[in-house]
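Chemist: Any chance you can model this:
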Amino acid sequence: MTGTPPAGTGPAAFSDIDVHPPVSLAGPHLLDADLLAPTGWEGKHLAECGWCQQRQSAAEQHRHDGDLDDEEFLRTARQRAEAGGAAELTPITRLTPQLHALTLDTDGREDVAVGQLWRLRWEQANELAVVIAVDRWRVTVAPVTTDIAAADEFSLLLPPSASPLNIALAVCLSLECTVPMFVLDRQIAPASRPTTNPQQAAAQLPPPQTLHDVWRAWRRSTAGPAGLTYGTALDEGDLDRRELRAVIASSFAPLVGASATIPGVDPLGEVVPLAQRVRDRGLRPAALAQATGLSLEVFTRINRGGRVKPAEAAKLAAVLDTDTRTVLDANPALDDDLITEVSQPRHRPALRRLARVDGTDEDQQRWAIAEAVSPTAARTVAGSGQRADPRATTTHWAEKVDHYLRRRLAELDETGEAQP
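Modeler: Now for the predicted structure:
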């Protein structure tokens, strides 16, 4: 984050940097945590973006061994705020009072809900969006941009007071798209509450029902609710605005495409169930075990409708005359509620920590958890003291995923794996 260092810590290099990022033509701007260790694509962006170069130069002047990432910065800021109040933060940063509010603790179990403003992050994509619908792990969002010219007659114009970003925004409901929940990275602003005060209503994010009404108007091509500020309708000659909207829409394509990483979702071609594939070979389990080098337990699991892991699928592929991807696609689908639970944004910090230690990535950790927890559908969480009810319609995925993550993180703490 940009800011002016306290007196005596070096030149006030940050004070000359504009806190509002300019429009980028070289991909998304770098996050502050990435300035000192840019990846390949980030290095290319740095070569073409003077604003990020200026921020990197300022960050280099204050570089030290204790540099903090986003999560650690907020933890440190919260500790300082608790010790001396938010006023303690003001001398060392240029953040507005609204942004200081982001350092306050929030309910870590708060669900994704309509009306919230989120930062979406997946691989190289970093975007802002407002949630307009939630269907389990599928989240419909409206892109949010500072390019007000992109707003059409179905886009809402918001004043700077509507979010902690303190800048005018356009919520482009006509560019809606559906993304997997796990690309939501950080909540920027909660959903607003309805109010009868017209000044307050105009100064805040529209409440969920109002957003739903505008979205429905866009879907039906009817006039939106009165009392809101909309953009200007597009005409055939608005080539620049149309191109701008196309750029915004394309920037969300990687976020939409992230759902392809979910095991078993939208496989290509016709899928033959794994149990059927194994039966079609006409071999006994013992012969299959000998041919693949897998244990009999694997084939018992398959016959009972269980899933195989990637390493097991690779050994099965040769015997089934196919490839590993086809075997994995033939797995029974993961429970939608389990996908929703492992996709919750609150799990992303823990997944990133596990990924750093295991030398994998966040996405691999997410589906490894799902594969590990999925066989426990008929069991209760250890220590719950309750007997599983076969008539129950819930499998308590939230408790099971939390239990798994607590155990893995405790193991890291015991082995001395420090948090970065």
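
Chemist: For the nearest residue in space to residue 242 that is not next to it in sequence, give me its contacts.
Modeler: Nearest residue to residue 242 in three dimensions, chain neighbours excluded: residue 234, at 6.4 Å (Cβ to Cβ, 6 or more residues apart in numbering). Where you see a C-beta, it was placed from the backbone N, CA and C, and this is true even at glycine. Contacts for residue 234 (Cβ atoms under 8 Å, 6 or more residues apart in numbering) come out as 152, 241-242, 245.

Chemist: Let's see that with 10 Å instead.
Modeler: 150-153, 174, 241-242, 245 (Cβ atoms under 10 Å, 6 or more residues apart in numbering).

Chemist: Now for these: which two are most distant?
Modeler: Using Cβ to Cβ, the contacts of residue 234 span at most 14.0 Å, a distance reached by 153 and 242.

Chemist: Which of the contacts of residue 234 are buried? Put it as a ChimeraX command.
Modeler: The ChimeraX command for the buried members of the contacts of residue 234 (criterion: 16 or more other Cβ atoms under 10 Å) is given here:
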select :150,151,152,174,241,245
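
Chemist: Now, the contacts of residue 234 that are in helices?
Modeler: Counting by DSSP state H, these place 241-242, 245 in helices.

Chemist: Out of those, flag the one nearest to residue 337.
Modeler: Using Cβ to Cβ, those come closest to residue 337 at residue 245, 35.4 Å.

Chemist: Report the secondary structure element holding residue 214.
Modeler: Using DSSP states H and E, residue 214 maps to helix 208-220.

Chemist: actually residue 235, not the one I wrote
Modeler: Residue 235 belongs to no helix or strand, assigned by DSSP H and E.

Chemist: Could you pull up the contacting residues of it?
Modeler: Contacts of residue 235 (Cβ under 10 Å, 6+ apart): 241-242.

Chemist: Number the residues from 39 up from this point.
Modeler: Understood, numbering begins at 39; the last thing we discussed is residue 273.

Chemist: Check the gap between it and residue 195 for me.
Modeler: Distance from residue 273 to residue 195, counting by Cβ to Cβ, to the nearest Å: 18 Å.

Chemist: ok so, going back, residue 268: which of the contacts of residue 272 is nearest?
Modeler: Of all the contacts of residue 272, residue 268 sits closest to residue 191, with 5.4 Å by Cβ to Cβ.

Chemist: OK, contacts around that closest one?
Modeler: Residues in contact with residue 191, defined by Cβ under 10 Å, 6+ apart, are 212, 255-256, 261-262, 268-272.

Chemist: tell me the phi and psi of it?
Modeler: phi -70, psi -10 (degrees, to the nearest 10).

Chemist: Could you chop this protein up by domain?
Modeler: 51-141, 155-297, 312-367, 374-452 (automatic domain parsing).

Chemist: before we move on, back to that, turn the contacts of residue 272 into CSV, including distance to residue 82.
Modeler: Below are the contacts of residue 272 laid out as CSV (distance: Cβ to Cβ, whole Å):
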residue, distance to residue 82
188, 25
189, 30
190, 32
191, 37
212, 31
279, 28
280, 27
283, 25
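
Chemist: And the contacts of residue 272, which is closest to residue 233?
Modeler: Nearest member of those to residue 233, counting by Cβ to Cβ, is residue 189, at 23.2 Å.

Chemist: Give the other helices and strands that the top helix by length along the chain contacts.
Modeler: The longest helix of the chain (DSSP H) is helix 435-452. Packing partners of helix 435-452 (3 or more Cβ pairs under 10 Å, 6 or more residues apart in numbering; DSSP states H and E): helix 374-380, helix 386-396, helix 400-411.

Chemist: That helix vs helix 386-396, what angle?
Modeler: Orientation of helix 435-452 against helix 386-396 (axes from the mean of the first three to the mean of the last three Cα atoms, to 10 degrees) gives an angle of 40 degrees.

Chemist: Measure how helix 435-452 sits relative to helix 400-411, angle-wise.
Modeler: Going by the same axes, to 10 degrees, helix 435-452 makes 110 degrees with helix 400-411.

Chemist: list the buried ones in helix 435-452?
Modeler: Buried residues in helix 435-452, counting neighbours by 16+ other Cβ under 10 Å, are found at 435-436, 438-443, 446-447, 450.

Chemist: from those residues, which is closest to residue 152?
Modeler: Ranked by distance to residue 152 (Cβ to Cβ), the buried residues of helix 435-452 are led by residue 436 at 20.2 Å.

Chemist: Residue 154 versus the closest one, what's the distance?
Modeler: Distance, residue 436 to residue 154, by Cβ to Cβ: 19 Å.

Chemist: Same question for residue 325.
Modeler: Taken as Cβ to Cβ, the span from residue 325 to residue 154 is 55 Å.

Chemist: Please identify which of the two sits among more neighbours.
Modeler: The residue with more neighbours, out of residue 325 and residue 154, is residue 154; 24 against 13, by other Cβ atoms under 10 Å.

Chemist: That one and residue 226, how far apart?
Modeler: Counting by Cβ to Cβ, the gap from residue 154 to residue 226 is 8 Å.

Chemist: Now list whatever residues contact both of those two.
Modeler: Counting by Cβ under 10 Å, 6+ apart, the contacts common to residue 154 and residue 226 are 167-168, 243.

Chemist: Any stretches of the stretch 39-188 of the chain with poor pLDDT?
Modeler: 39-66, 68, 70-71, 78-79, 99-148 (pLDDT under 70).

Chemist: could you redo the last one with a cut-off of 50?
Modeler: Across the stretch 39-188 of the chain, residues meeting the criterion (pLDDT under 50) sit at 39-53, 57, 63, 103-106, 124, 127, 132-133, 136-147.

Chemist: Identify the residues contacting the residue lying closest to residue 404 once chain neighbours are set aside.
Modeler: Closest residue to residue 404 apart from its sequence neighbours, by Cβ to Cβ, 6+ apart: residue 380 at 5.1 Å. If you count contacts by Cβ under 10 Å, 6+ apart, residue 380 has them with 175, 219-220, 300, 372, 389, 403-409, 411-412, 435, 439, 442-443.
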